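Enquirer: I would like to see how this sequence folds:
(3 chains)
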Amino acid sequence: MSRAAPMAKLALLALLGAFLLTPERFASLLRPFAPGDTAPIYTQTPLLTLTVNHLLLVAAATLAASVLAVGFAVAATRPGGRDVLPFARALANLGQTFPPVAVLALAVPVFGFGPVPTLIALVLYGLLPVFETTLTGLTGLDPALMEAARGMGLTDRQRLTQVELPLALPMILSGIRLTAVIGLATATIGSTVAASTLGEVIISGLLTGNTAYVLQGGLVVSALAILIDAAFHALERAATQRSGFRS
Amino acid sequence: MGEPFATWMRPDPDARPARWIVAGLDPLGTVFAGLLSLSLLALPLMITRPNRIAAGTSLMAWSALPAAAALAVLGIAGFAAALLALRVAPPARLAAGAVALLVLGLAAGGAADHLTPPGDRYSRVSPDAGWWLAFAVAGLAAGDGLARLRPGPGTRIATLAAVTVLAGLALHSGFWNNLSVMREYAGHADTFGREVRTHLGLALSSVAAAALVGIPAALLARPVPALRRTLLGILNILQTLPSMALFGMLIAPLAWIGRSVPGAAELGIAGIGPAPAFVALFAYALLPVAAATVAGLDAVPGPVRDAAAGVGMTSRQRLFQVELPLALPAMLTGLRIVLVQNIGLAVIAGLVGGGGLGVFVFQGISQNAGDLVLLGALPTVALASGSAVLLDAAIAVSRRRRRERTQ
Amino acid sequence: MIELTGVSRVFGARTVVSDVSLTVEAGAILTIVGTSGSGKTTLLRMINRLVEPSAGTVRIAGRDIRDVPPHILRRGIGYAIQGHGLFPHRSVAENIAVVPRLLGWDRRRIAARVDALLDLFRLDPGVYRDRLPAALSGGEQQRIGVARALAAEPPVLLMDEPFGALDPIIRGQAQADLLAIQRRTGTTIVLVTHDMDEALRLGSRIAVMDRGRLVQEAAPAALIGAPATDFVGALLGRGDRAFQLMALRVVDDLIEPGPAPGEPIPAGISVRAALAESLWSQRPALPVSRDGVLLGRVTRAALEAQGARP
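Expert: Numbers count the residues shown, from 1 in each chain, chains lettered A, B, ... in the order given. Below you'll find the predicted structure:
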């Protein structure tokens, strides 16, 4: 997906920006999809606000999931942590097996409506990619390197923060990228429980039979996912070069 | 589950465990024990409501059950927790977790009976935060114990069967009938079966269709780099669309097809009903299946490929007799991912009139009836977990065969 | 400087190192040589506590190494291994600076030290300071690895097959460099190798290990002249004893006044190389010079006499 020309991505970014800031300009494009005389652009809440809220929600969930998953992976690769590994792996797998919709629905009676159940569902769903890639990154390190680090007098913690994590960074970033991209689409479900996301636009369209709304919401999310995926790929490339590996 | 450990992290024979791990305590187990105790002693066990939508009263374990039963439950759970905290062998951990689960299941049914006045048809009893937390912890502890045993595929399927049978018996015997979830079921018994069938049908048929289309497409596109990039690129972009949006976007075109194309309506192609959901689920399943096929074939070791060619196999023979069987674990992994994914996504079909368990979930959300939501969500989770276990077992078997083949 | 007393290491039922006692004088180079599985690497790693002895004590400068936390101990000991272990995500300068930074040196002192070390290893600081290890050749990486080990001016340097990954031409140069640098810094070196020739060339003392036991510990000439067991003899190689001995000695002590034909050989050259030149050019005597000044000559007979069993 990152092979598409950077120019295309920039064009997409510009298009997205234009749409979010001045949606009315695109009204004529969307009019064929709106039934009857209804306005083709969603105006209950500004699209920009919804986009920002959506992004904030996904960012928070991705951050939380990453911290947890990296923590689990680090714990599982320490000498004292052998027993943590099967458990952590099972937990992360479980997180992906529970459909986010179900988690959402189950969390509502406990946490009420709003962004919290959505956050919980996104975090659970996002654990596995980061966990597995971090694990791969940490276990794939050169043993001679670890020996040298230990022999030089780095404490275990210093070795972790100065050597292991920086070298595993490209892999960790690839996992975070997956979590973020999947999370962007999944977060739309949050609007069924009154979280403020772009799903609101889509649901409104579904309920009123207005395909224009569905298109707006869906395509904005899709564009965000494509752009964020490209951004992460760039980060990964930079991290890989910095690690001294020939990418 | 592959290598368990960083290859360079040889367990240092000199390493002494951290001081706080007093000889005999298991760190993970201690967490489980703590949470289990917390959930049963500090959080309410059940919540009872005079009717379906009224506000409820939370009850602690000793209020929700008759005294003797409460004592028994707390005692057994306490014993299980203590066992988990200690450094005991995996079978004991599994037993402790399983016993805790059993006791919780009994407690739920017993409390429902205890708290429901005889003959009352309106009051609702459901498990509260304490029960759910205890259940989750006990489940994780049992799962952890099972995972430490590193079970083979046969064991895993046997466990699944045992759990299914037990749950089925409990449901059948009516032991849980006074729980709110079951009352919701009673209220929707006529449509429940149909929705489950619709749900499963959507998930399975979309995955099957994706396999039938995606695998050949991947096989055809793979040798041509430009084609392969295009195929995977398009599918990747498709994945970024939220499911709701894709469901919604398909309504109008499918409605049009249903109206205009002769014979389409009889096939079920229409703007409402399961058709848009099916097409969307099919679309979402294509990428993982195609990508997994490509990755699996790419991972066939070069020497094996060369040996097959050297023996005089045509490329088609090589493909079907050597490469595909070796790529099978990866392809099955892709199928597992999409089946679990689609069981979850099929819930959203309920939002677009496609039927399935999502009907209950979204009805429950709009009516603010938590247990109706549960009626939709619990079977979904069960179906997803069950499929995951079954397919994981299949993957494990295929991996074993693959190892034998490449040796 | 380094004292090992009755050091053993047992892994379960396997005895990897068995009751080794030896002493390394300050400023000496001890090469530990043996086949794989002889326990030589384990012995080395017990000096900086990467492996803890099952029995016995290790003392450095009179202090039992167990009295110091392991990571503090290791910051005072240089450690260079095969495969160098350079951090791929750090530049050459940052790699060298690792231990000084752990010790809290200030930035200016570290920068000066980095440049000094790069000069010592004949690498232009301006060019190499900011390079990443992936951009270095094998020989350069090995040199930086040793430089990093010496960065904090440790009194002791431990080396585990440091030249193993180098091709033979570079290896010889690297060995010569090590000897030259050690002469300047006076660091006590313990070096593990499986190559007897390397051990003989580098070591002021040689320790031979076989299946965990210390079989012989002696100066190179003594080892060649009187191997303690058949195993040592086998390691030395039966036929080359005379030439090994001649490789250890230099022509300087054999120079006598008198004429000799042809191209002079440089003083400081080994007896073995001089004999080879004498045979190749069919000259029974060779002139010897240093820096262009003729010092005298050396006869083939005198050279040959150096190959006699001591």
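Enquirer: show me which residues of the helix or strand that contains residue C:79 are buried.
Expert: Taking DSSP states H and E as the definition, residue C:79 sits inside strand C:77-81. Of the residues in strand C:77-81, C:77, C:78, C:79, C:80, C:81 count as buried by neighbour count, 16 or more other C-beta atoms under 10 Å in any protein chain shown. C-beta coordinates here come from the backbone N, C-alpha and C atoms, glycine included.
Enquirer: for these, which one is nearest chain A?
Expert: The shortest distance between chain A and any of the buried residues of strand C:77-81, using C-beta to the nearest C-beta, involves residue C:79 and amounts to 3.7 Å.
Enquirer: roughly how far does that closest one sit from residue C:151?
Expert: Relative to residue C:151, residue C:79 is positioned 11 Å away (C-beta to C-beta, to the nearest Å).
Enquirer: for residue C:220, same thing?
Expert: As for residue C:220, its distance to residue C:151 is 30 Å (criterion: C-beta to C-beta).
Enquirer: quick one: which of the two has more around it?
Expert: Here residue C:220 and residue C:151 are compared on neighbour count by other C-beta atoms under 10 Å in any protein chain shown; more neighbours surround residue C:151, at 24 against 20.
Enquirer: list the residues that contact the residue nearest to the more buried one when sequence neighbours are not counted.
Expert: Counting by C-beta to C-beta, 6 or more residues apart in numbering or on different chains, the nearest residue to residue C:151 once its immediate chain neighbours are dropped is residue C:96, at 4.9 Å. Contact criterion C-beta atoms under 8 Å, 6 or more residues apart in numbering or on different chains gives C:113, C:114, C:117, C:118, C:144, C:147, C:148, C:151 as the residues in contact with residue C:96.
Enquirer: likewise for residue C:246?
Expert: Applying C-beta under 8 Å, 6+ apart, the residues near residue C:246 are C:270, C:271, C:272, C:275, C:303, C:306, C:307.
Enquirer: which one of these sits closest to residue A:84?
Expert: residue C:270 (58.7 Å; C-beta to C-beta).
Enquirer: okay, now the closest one: neighbour count?
Expert: The number of residues near residue C:270, taken as other C-beta under 10 Å, comes to 17.
Enquirer: nearest spatial neighbour of it, chain-adjacent residues omitted?
Expert: With C-beta to C-beta, 6+ apart as the measure, residue C:247 is the residue that lies nearest to residue C:270, at 5.2 Å, once sequence neighbours are left out.
Enquirer: do the same with residue B:258
Expert: When the adjacent residues along the chain are set aside, residue B:258 lies closest to residue B:270, with 4.0 Å between them (C-beta to C-beta, 6+ apart).
Enquirer: ok, residue C:269 next?
Expert: residue C:251 (5.7 Å).
Enquirer: before we move on, back to that, avg pLDDT for the next helix-or-strand element following the strand holding residue C:79?
Expert: Scanning forward in sequence from strand C:77-81, with DSSP H and E defining helices and strands, the next element found is helix C:92-96. Computed over helix C:92-96, the mean pLDDT rounds to 93.
Enquirer: then stretch B:57-67?
Expert: For stretch B:57-67, the mean pLDDT works out to 85.
Enquirer: nearest residue to the middle of chain C?
Expert: With the centre of chain C defined as its mean C-alpha position, the nearest residue by C-alpha atoms, centre = their mean is residue C:202, 4.4 Å away.
Enquirer: residues contacting that residue?
Expert: By C-beta under 8 Å, 6+ apart, the neighbours of residue C:202 are C:29, C:31, C:175, C:178, C:179, C:191, C:193.
Enquirer: does residue A:89 touch residue A:96 like I think?
Expert: No - the pair residue A:89 and residue A:96 does not pass the contact test of C-beta atoms under 8 Å, sitting 11.2 Å apart.
Enquirer: anything in contact with each of the two?
Expert: Counting by C-beta under 8 Å, 6+ apart, residue A:89 and residue A:96 have no common neighbour.
Enquirer: pLDDT wise, what is residue C:3 at?
Expert: pLDDT, residue C:3: 92.
Enquirer: same check on the one 3 residues further on?
Expert: Looking at residue C:6, its pLDDT is 92.
Enquirer: then residue A:78?
Expert: The pLDDT attached to residue A:78 in the predicted structure is 88.
Enquirer: swap in residue B:17?
Expert: Residue B:17 is assigned 50 on the pLDDT scale.
Enquirer: over to the one 3 residues further on?
Expert: With respect to pLDDT, residue B:20 scores 47.
Enquirer: now do residue C:209
Expert: The predicted local confidence for residue C:209 comes out at a pLDDT of 93.
Enquirer: how would you label it: helix, strand or coil?
Expert: Three-state call for residue C:209 (DSSP: H, G, I helix; E, B strand; the rest coil): strand.
Enquirer: now do the helix or strand containing residue A:101: which elements does it pack against?
Expert: Mapping residue A:101 onto the secondary structure by DSSP H and E places it in helix A:100-111. Secondary-structure packing of helix A:100-111 (3 or more C-beta pairs under 8 Å, 6 or more residues apart in numbering or on different chains; DSSP states H and E): helix A:115-139, helix B:324-345, helix B:358-367, helix B:370-406.
Enquirer: residue B:120 belongs to a helix, doesn't it?
Expert: No - according to three-state DSSP, residue B:120 belongs to no helix; its state is coil.
Enquirer: distance check, it against residue B:48.
Expert: 11 Å.
Enquirer: right, and the helix or strand after the longest helix seen in chain B?
Expert: Of all segments of type helix in chain B, defined using DSSP state H, the longest is helix B:180-221. Toward the C-terminus, helix B:180-221 is succeeded by helix B:225-240 as the next helix or strand (DSSP H and E).
Enquirer: against which helices or strands is that following helix packed?
Expert: For helix B:225-240, the packing partners by 3+ C-beta pairs under 8 Å, 6+ apart come out as helix A:165-186, helix A:211-242, helix B:180-221, helix B:274-298.
Enquirer: do you know which of those lies nearest residue B:314?
Expert: helix B:180-221 (14.9 Å).
Enquirer: next, the angle helix B:370-406 makes with that closest one.
Expert: Using axes from the mean of the first three to the mean of the last three C-alpha atoms, to 10 degrees, the inter-axis angle of helix B:180-221 relative to helix B:370-406 is 40 degrees.
Enquirer: mean confidence score for helix B:180-221?
Expert: pLDDT averaged over helix B:180-221 equals 90, rounded to a whole number.
Enquirer: what's that helix packed up against?
Expert: Based on contacts counted as 3+ C-beta pairs under 8 Å, 6+ apart, the elements that helix B:180-221 packs against are strand B:124-127, helix B:225-240, helix B:274-298, helix B:324-345, helix B:358-367, helix B:370-406.
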